[in-house]
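Colleague: next comes the sequence, and after it the predicted model I'd like to discuss.
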Number of protein chains: 2
Amino acid sequence: MQMVGIRTSLIRAGDDIVEILCEAFEKHGVFLEDCDILVLAESAVATAEGRLVKLSTVVPGKIAKELAGKYCLDPREMELVLCECDEIIGGVPGAALTLTNGTLSPNAGIDASNAPEGHVVLLPKDAQKSAAYIRKGVEEYSSCHVGVIIGDSRTQPLRLGCMGVALGTSGIVPVEDARGSHDLFGKPLHITRKAVADNLVSAAQLLMGEADECIPCVLIRGAPVEMCEGSEEMPLFTPEECMYYSNIKRT
Amino acid sequence: MQMVGIRTSLIRAGDDIVEILCEAFEKHGVFLEDCDILVLAESAVATAEGRLVKLSTVVPGKIAKELAGKYCLDPREMELVLCECDEIIGGVPGAALTLTNGTLSPNAGIDASNAPEGHVVLLPKDAQKSAAYIRKGVEEYSSCHVGVIIGDSRTQPLRLGCMGVALGTSGIVPVEDARGSHDLFGKPLHITRKAVADNLVSAAQLLMGEADECIPCVLIRGAPVEMCEGSEEMPLFTPEECMYYSNIKRT
């Protein structure tokens, strides 16, 4: 399994991300192959999709002002968090814990990093759609069947530092079901599923960096991943099945 | 960055894991290089260290029996969970959420998968020490400076499927601090840390599998990881800083 970071030009609102990627492939002499997987940073995808918001245009309401005080956030950013998330569960200074598109995220995934001064980037509106769009474009360009993952970084409970999380995928099976297979001693495995897409994003994050690297894409070749047609929905745990979530209380 | 799974012979209690690894390197013609990283499955390390327990030798107490009923576990396994963990926080059927060695894990990391019939494997007693021991042995064998990570798989809140988590490391900086660096627009980054070790384990899990693959080790070459002498302790979040944990209530 091999991985290489793809450096691109700086991505701006209104850019076509497929064009920018294909330009980068040409520039660096990258020839795609069948079953290659592209992991894309959500901030790059969202920026191209015009999901940048100038904070000075946002007028925070009363609830946003209150919560901004509680979680030490800019009230205008808090207003956007309220618009974007399904629910605010609680939080710590600097991070309101939200449920957004079925996934837990700090501040509804809204981030000022890698946004122009005075702006923030929202998450892509529909990361599954974004992944499908990019896959279609890259497949037309390369005549190869590829997988595309839109990835974000996320802390995990009681762990320091960010890992990867897949917001949307296209062309790969995002969670592999190992139930029904057997362990080293021939005993059947019962509940083991592999978060393949999340693991691929975590791997890619090693090469992406979080700072000024301008590597919004990582090409992964040779990963033992099940490819598929179309975009399989990210399967999610129900709250009742999740050992963490079943103990999370709203504050 | 390149990754390759290292297939070994079946590991049994009392085996020397360093010997087994070096045999596998010889057999597959793997020549280590400086800065190579080895990710090892905790179950293989723990098995070699004799952390297998025959369930029929365990006599569950009253509390274990009660909790086993609550979380649908074998009372004898529950007794071991109580011995191994620092605290039981709550749980769902099949998984008691525990705090064990400062990390959240289901059932104190105790697992019947890849253990002989009627046995379970406990976590390595001190994964930092195990990592240091393996690094020393592999470095003597190869005359190269390598990094070693003992990895486990773990679900994440509301995500389906397992990702990687590092239980112990040696020779690498497990969490990189990107604070002080700058984003694409030259703005300083404030709170970004990278869970490098966890990401490396997640990457390795793509090749390791959970089932009967007998690939307890993945060699990672060319990862942009900071090497170090000795074994840097895994830095952990304080519960107050963690946006998940601060909302987790004991049940």
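Modeller: Arrived safely, thanks for sending. Residues are numbered from 1 along each chain as shown, chains lettered A, B, ... in the order given.

Colleague: OK, contacts around residue A:132?
Modeller: By Cβ atoms under 8 Å, 6 or more residues apart in numbering or on different chains, the contact set of residue A:132 is A:148, A:170, A:230-231. For every residue, glycine as well, the C-beta is placed using N, CA and C.

Colleague: could you point out the longest helix of chain A?
Modeller: Here the longest helix in chain A is taken by residue count, with DSSP state H as the criterion, and it is helix A:127-142.

Colleague: okay, stretch A:74-81 in PDB with CA atoms only?
Modeller: This file holds the C-alpha atoms of stretch A:74-81, laid out as PDB (Å, rounded to 0.1, in the frame of the first residue of the first chain):
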ATOM      1  CA  ASP A  74     -17.100  34.300  18.600                       C
ATOM      2  CA  PRO A  75     -20.900  34.900  18.800                       C
ATOM      3  CA  ARG A  76     -21.100  35.200  15.000                       C
ATOM      4  CA  GLU A  77     -19.400  31.800  14.600                       C
ATOM      5  CA  MET A  78     -21.800  30.400  17.300                       C
ATOM      6  CA  GLU A  79     -24.700  31.700  15.200                       C
ATOM      7  CA  LEU A  80     -23.400  29.700  12.200                       C
ATOM      8  CA  VAL A  81     -23.000  26.700  14.400                       C
END
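
Colleague: show me the domain layout of chain A.
Modeller: Here the domain parsing of chain A from automatic domain parsing is A:1-50+A:123-243, A:52-122.

Colleague: what pLDDT, on average, does the shortest one get?
Modeller: pLDDT averaged over domain A:52-122 equals 94, rounded to a whole number.

Colleague: is chain B contacted by it?
Modeller: Yes - on the criterion Cβ under 8 Å from any Cβ of the partner chain, domain A:52-122 is in touch with chain B at A:89-92, A:94-97, A:99, A:102-104, A:106, A:112-117.

Colleague: which of the residues you listed are buried?
Modeller: Applying 16 or more other Cβ atoms under 10 Å in any protein chain shown to these, the neighbour count classes A:89-92, A:95-97, A:99, A:103-104, A:106, A:112-116 as buried.

Colleague: return the subset of the residues of domain A:52-122 next to chain B lying in strands.
Modeller: By the criterion of DSSP state E, membership of the residues of domain A:52-122 next to chain B in strands covers A:89-92, A:95-97, A:99, A:103-104, A:106.

Colleague: and the residue lying closest to residue A:13 once chain neighbours are set aside, which of the three is it?
Modeller: Setting aside the residues directly before and after it, residue A:13 is nearest to residue A:50 in space (Cβ to Cβ, 6 or more residues apart in numbering or on different chains), at 4.8 Å. Secondary structure state of residue A:50, per DSSP: H, G, I helix; E, B strand; the rest coil, is coil.

Colleague: any idea how far chain B is from residue A:50?
Modeller: Taking Cβ to the nearest Cβ, to the nearest Å as the measure, residue A:50 falls 17 Å from chain B.

Colleague: put the alpha carbons of the host helix or strand of residue A:69 into CSV.
Modeller: Assessed by DSSP states H and E, residue A:69 sits inside helix A:62-71. Extracted as CSV, the C-alpha positions of helix A:62-71 are listed here (Å, rounded to 0.1, in the frame of the first residue of the first chain):
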residue,chain,number,x,y,z
LYS,A,62,-29.6,36.0,21.7
ILE,A,63,-29.1,32.3,22.0
ALA,A,64,-25.9,32.5,20.0
LYS,A,65,-24.6,35.2,22.3
GLU,A,66,-25.3,33.2,25.4
LEU,A,67,-23.8,30.0,24.0
ALA,A,68,-20.8,31.9,22.7
GLY,A,69,-20.1,33.1,26.2
LYS,A,70,-20.5,29.6,27.6
TYR,A,71,-18.1,28.0,25.1
